[in-house]
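Visitor: fold the following, please.
(one chain, ligands or ions: 1)
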Amino acid sequence: MLKKFIPSQYVPTVFDISVQGLKEAGIRYIITDLDNTLVAWDQANATEELEAWFTHLRKEGFAIVIVSNNNEKRVRAFAKPLNIPFIYRAKKPLTGGFEQGIKLLNGSKKQAVVIGDQLMTDVLGGNRGGFNTILVVPVKPTDGIFTKFNRMMERRVFSLMKRKGLIEWDLIESKKR
Ligand SMILES: [Mg+2]
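Guide: Predicted coordinates for the structure are as follows:
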């Protein structure tokens with residue numbers, strides 16, 4: 001059970017993910033969470049840095065889809081201007097949203113990676129669905145009220161995995177950005 005919480009990588013931000021490394025691993029499809037993964041949960045639009053990252057990824061041949069548990073209004077307003085397809089109210093850690101996302105891209109699971117800031121939704125759901133997973137440190141240390149419980153569980157699972165020797169990472173605290 002605990003194994004389903006282990007991401008293949010753990011990085012401070014999406015910008016720390018090696019694009020070359022993804023290519024070498026045969027990854028072509030990026031399924032990403034929105035809130036606190038790409039921008040702070042309370043920030044409406046992408047930053048310039050993030051837009052440049054998407055442009056770079058596309059130039060390198062990646063296709064991107066946003067799979068978020070948030071509502072249509074939030075996800076559409078963010079994704080539309082970037083021309084990125086999206087799934088809202090994905091109900092992660094259920095795997096249906098990821099499956100729909102990869103279908104939107106006409107991609108295959110084996111060539112996809114799920115990126116997100118939460119063990120309890122993104123990593124657990126991605127692993128359950130048979131995807132590669134990358135955990136990032138939340139962009140903003142404070143969360144929406146619904147995420148508070150998940151964060152508490154996350155800290156417990158994280159330290160348990162560490163104690164059992166399943167992971168070597170320490171939990172990275174997010175800094176205010
Ligand atoms: Mg998130």
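
Visitor: let me see the contact set for the nearest residue to residue 46 once chain neighbours are set aside.
Guide: Counting by C-beta to C-beta, 6 or more residues apart in numbering, the nearest residue to residue 46 once its immediate chain neighbours are dropped is residue 82, at 5.9 Å. (C-beta placed from N, C-alpha, C; glycine too.) By C-beta atoms under 8 Å, 6 or more residues apart in numbering, residue 82 lies in contact with 46, 51, 54.

Visitor: who in the protein is up against the ion?
Guide: 33, 35, 36, 37, 117 (C-beta under 5 Å from the ion).

Visitor: ok, the residue nearest to the second one when sequence neighbours are not counted - how many residues close by?
Guide: With C-beta to C-beta, 6+ apart as the measure, residue 41 is the residue that lies nearest to residue 35, at 3.9 Å, once sequence neighbours are left out. By other C-beta atoms under 10 Å, 18 other residues sit near residue 41.

Visitor: I'd say residue 41 and residue 68 touch.
Guide: No. Using C-beta atoms under 8 Å, residue 41 makes no contact with residue 68, being 10.3 Å away.

Visitor: which residues touch the one residue sitting closest to the centre of the chain?
Guide: With distances taken as C-alpha atoms, centre = their mean, the residue of the chain nearest its centroid is residue 116 (1.9 Å). Contacts here follow C-beta under 8 Å, 6+ apart; on that basis residue 116 touches 32, 33, 37, 92, 122, 123, 126, 133, 134, 135, 136.

Visitor: quick check: helices, which of these are part of them?
Guide: With helices identified by DSSP state H, the entries of the contacts of residue 116 that belong to them are residue 126.

Visitor: and of the contacts of residue 116, the nearest to residue 153?
Guide: When these are ranked by distance to residue 153 (C-beta to C-beta), residue 123 comes first, at 12.1 Å.

Visitor: now do the contacts for that closest one.
Guide: Going by C-beta under 8 Å, 6+ apart, residue 123 touches 5, 6, 7, 114, 116, 133, 135.
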